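[1] here you go, sequence then predicted model.
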There are 2 protein chains.
Amino acid sequence: MRDQYQQQLDSILTELVEMTGFVRAALSQATEALLEADLTTAETVITGDLAIDDARERIEDESFEILARQAPVAGDLRMLVASLRMVADLERMGDLAVHIAKVARLRYPTRAVPEVLVPTIQFMAETADQMIASAAEIVATRDVNAARELESADDDMDKLRTSMFRILLGDDWSDGVEPAVDMALLGRYYERIGDHAVSMGRRIVFLVTGHHPAHV
Amino acid sequence: MRDQYQQQLDSILTELVEMTGFVRAALSQATEALLEADLTTAETVITGDLAIDDARERIEDESFEILARQAPVAGDLRMLVASLRMVADLERMGDLAVHIAKVARLRYPTRAVPEVLVPTIQFMAETADQMIASAAEIVATRDVNAARELESADDDMDKLRTSMFRILLGDDWSDGVEPAVDMALLGRYYERIGDHAVSMGRRIVFLVTGHHPAHV
């Protein structure tokens, strides 16, 4: 009985890690759709979000079942509640990938991203992807040292956003208002994806150390 | 014992409703700071966010205590988990009010909002406030009919955002890129505040009816 219970708990963490894989794939496709003005890939991300929502629902149901049947205490209880939050973080990241894909679709066949900002978007996408990967590693290994990487990637993301604003609002910006608005919102979406990865990392750090890092 | 337990559960809902009051005050001040270019009020919102974070922490701690000590089942368990999520929604709304106040601070002594968009921002702020009020009412009364109002206010918010984009991207826009970027992000912040209110309403509808509305 106890073994089965432990297996159920472990399986929730495994499913969370799997879900990070779906989110990374969605984000990578959304960025591709954006940078290649690729309508088919954009649609794939938009319709594919249902699979991420299903994963959320499955993990939630399993967590509720354990909460209701096993009445876990202390550490296990906190782990389950943290899982319910992490699954919400992941679902939200999926929604943000959909927002990115929708910008690609809205501007198709034009590429939404002006040439001068392609590298910034590429770096933002890579940083966000790396942050989700770090969050997954922290969930899988409970290695709280990896959380430091996550905070440092978060600083990189801030710098990318600042540099994006410098370009958008600089004298050399010649692409006008519409792309500037698109880029400001896109920057925000990538940043928020990173924020949710940081949240996930911090939840595990709290579980392992009992210590609240400044929350996101 | 049972009575005390019920009191603890009720007190969590009461505290959630109180917390909606803090969030409404923060949002109203943030909007005032924005529309009046009022630096002092902006600072009040930014520093005052700590009180909202404290409220979150207190409600979380109480929920955990009940979860750990009373091992609630079925309805009570779902209510507690929903409360943990609603408290996260409310904290996030507070963060978004801070983002709004920070735009006011960043552009001070200039008013961030161009004249032509003052009414749109006012309507957005009123709509968001009304949505938080509806969410509070649903939490307090469990009247799921009030959830319909919330969905209709959410449609109003969508329309306001569409109308904002029409102005920003229209031929008559003469305020340039920087205010356009500010306004696009501000529109997003108000919209997200509304989204979190809708989430809260839907969580209660689910608790009461056992029926998942399409999730936010």
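    Good, I have the coordinates.

[2] flag the shaky bits of chain A, pLDDT-wise.
    A:1-2, A:212-216 (pLDDT under 70).

[3] in it, what residue lies closest to chain B?
    A:Ala71 (3.7 Å; C-beta to the nearest C-beta). Glycine gets a C-beta too; all of them are placed from N, C-alpha and C.

[4] now that residue: how far from A:Thr120?
    50 Å (C-beta to C-beta, to the nearest Å).

[5] neighbour count winner among the two?
    Counted by other C-beta atoms under 10 Å in any protein chain shown, A:Ala71 and A:Thr120 do not tie: A:Thr120 has more neighbours, with 21 against 16.

[6] got a list of what the more buried one touches?
    Residues in contact with A:Thr120 (C-beta atoms under 8 Å, 6 or more residues apart in numbering or on different chains) are A:160, A:163-164, A:167, A:187.

[7] which of those fall in helices?
    Secondary structure defined by DSSP state H assigns A:160, A:163-164, A:167, A:187 of the contacts of A:Thr120 to helices.

[8] point out the residues in chain A that sit beside chain B.
    A:53, A:64, A:67-68, A:71, A:73-74, A:77-78, A:81, A:84-85, A:88, A:165, A:168-169, A:173, A:176-178, A:180-181, A:184-185, A:188, A:215 (C-beta under 8 Å from any C-beta of the partner chain).

[9] in strands, which of the residues you listed fall?
    When the residues of chain A next to chain B are checked against strands (DSSP state E), there are no matches.

[10] buried subset of the residues you listed as a ChimeraX selection?
    Burial among the residues of chain A next to chain B is assessed by 16 or more other C-beta atoms under 10 Å in any protein chain shown; the matching ChimeraX selection reads:
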select /A:64,67,71,77,78,81,84,85,88,165,168,173,177,178,180,181,184,185,188
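
[11] run the chain-centre distance for stretch A:144-164.
    Relative to the chain's own centre, stretch A:144-164 is displaced by 13 Å; criterion: C-alpha atoms, centre = their mean, to the nearest Å.

[12] pull out the buried positions in that stretch.
    Result for stretch A:144-164 [16+ other C-beta under 10 Å]: buried residues A:144, A:146-147, A:149-150, A:153-154, A:156-157, A:160-161, A:163-164.

[13] and the strands in chain A?
    Using DSSP E, strands in chain A do not occur.

[14] would you map the helices across it?
    Using DSSP H, helices in chain A cover A:2-36, A:39-70, A:74-107, A:118-141, A:146-168, A:177-209.

[15] could I get those helices as a markdown table with distance to B:Val205?
    Below are the helices of chain A laid out as a markdown table (distance: least, C-beta to C-beta, whole Å):
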| stretch | distance to B:Val205 |
| --- | --- |
| helix A:2-36 | 25 |
| helix A:39-70 | 16 |
| helix A:74-107 | 17 |
| helix A:118-141 | 31 |
| helix A:146-168 | 35 |
| helix A:177-209 | 25 |
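
[16] of all these, which lies closest to B:Met19?
    Of all the helices of chain A, helix A:74-107 sits nearest to B:Met19, with 17.7 Å by C-beta to C-beta.

[17] that closest one packs against which elements?
    Using 3 or more C-beta pairs under 8 Å, 6 or more residues apart in numbering or on different chains; DSSP states H and E, the elements in contact with helix A:74-107 are helix A:2-36, helix A:39-70, helix A:177-209, helix B:39-70, helix B:74-107.

[18] one more time with 6 Å
    Contact partners of helix A:74-107 among helices and strands, from 3 or more C-beta pairs under 6 Å, 6 or more residues apart in numbering or on different chains; DSSP states H and E: helix A:2-36, helix A:39-70, helix A:177-209.

[19] would JSON lines of those with distance to A:Glu137 be doable?
    Formatted as JSON lines, the helices and strands packed on helix A:74-107 follow (distance: least, C-beta to C-beta, whole Å):
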{"stretch": "helix A:2-36", "distance to A:Glu137": "9"}
{"stretch": "helix A:39-70", "distance to A:Glu137": "18"}
{"stretch": "helix A:177-209", "distance to A:Glu137": "9"}
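
[20] highest mean neighbour count out of those?
    Comparing the helices and strands packed on helix A:74-107 by mean neighbour count (mean count of other C-beta atoms under 10 Å in any protein chain shown), helix A:177-209 ranks first with a mean of 22.

[21] how far does it sit from its chain's centre?
    On C-alpha atoms, centre = their mean, the centre of helix A:177-209 falls 7 Å from that of its chain.

[22] thinking again about what came up before, can I get the buried residues of stretch A:144-164 in TSV including distance to A:Arg192?
    Below are the buried residues of stretch A:144-164 laid out as TSV (distance: C-beta to C-beta, whole Å):
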residue	distance to A:Arg192
A:Val144	23
A:Ala146	21
A:Ala147	19
A:Glu149	19
A:Leu150	15
A:Ala153	14
A:Asp154	12
A:Asp156	15
A:Met157	10
A:Leu160	13
A:Arg161	11
A:Ser163	18
A:Met164	14
